[in-house]
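>>> turn this into a model:
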Amino acid sequence: MVVAESIILIAQIYAAIGLVVALAFVTVGLGRVELAARGAFLFRLQIIPGLLLLWPIVIVRWVALERSGEKVLLDKEEAELHKSQEAKK
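Numbers count the residues shown, from 1 in each chain. So this is what the prediction gives:
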C-alpha cells in the first residue's frame, strides 16, 4: 500500500508542477516563443494537456530560447510585421 500511495503522490506532484508551468507558459512564454500564437486563445487552451505532461521539456526549451537571444529576433520580426501592417492602412 505504501508503494501505491507513493506513486500516486509523485504523479500528483508532477501534475501540479505541470499545471503551474503550463499556465505560466500559456500566459507569458508562448507569445515570446512563437509570434503566430499571439492572439490565438483557443490554441492556448488546446496545448495545455500536452504542456502538463511535457513540462520538463518545455522548461528546458524556454530557458534555452531566453538565454540564446532568439527572443530579440522575434521582437524585430514583430516590429517589422507591425510596420508593414501600418503601411497597408
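>>> next one: phi and psi at the residue nearest to the spatial centre of the chain?
Per C-alpha atoms, centre = their mean, the C-alpha nearest to the average position across the chain is that of F25, at 3.2 Å. Dihedral pair for F25: phi -70, psi -40, per degrees, to the nearest 10.
>>> what score does it have for pLDDT?
Model confidence at F25, given as pLDDT, is 91.
>>> so it makes contact with W62?
Yes. F25 lies in contact with W62 (C-beta atoms under 8 Å); the separation is 6.6 Å. Where C-beta positions appear, they are placed from N, C-alpha and C, glycine not excepted.
>>> who touches L52 in this structure?
A15, G18, L19, A22 (C-beta atoms under 8 Å, 6 or more residues apart in numbering).
>>> so which of the residues you listed is the most crowded?
Using other C-beta atoms under 10 Å as the neighbour test, those are led by A22, with 23 neighbours.
>>> which helix or which strand is home to it?
Here A22, judged by DSSP states H and E, is contained in helix 2-24.
>>> how far out from the middle of the chain is whichever helix or strand comes after that helix?
Next helix or strand after helix 2-24 toward the C-terminus (DSSP H and E): helix 30-33. Chain-centre distance of helix 30-33: 7 Å, with C-alpha atoms, centre = their mean, to the nearest Å.
>>> alpha carbons of helix 30-33, as CSV, please.
Once non-C-alpha atoms are left out, helix 30-33 reads as follows in CSV (Å, rounded to 0.1, in the frame of the first residue of the first chain):
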residue,chain,number,x,y,z
LEU,A,30,4.0,31.3,-25.7
GLY,A,31,3.8,34.8,-27.2
ARG,A,32,7.5,35.2,-26.7
VAL,A,33,8.4,31.9,-28.3
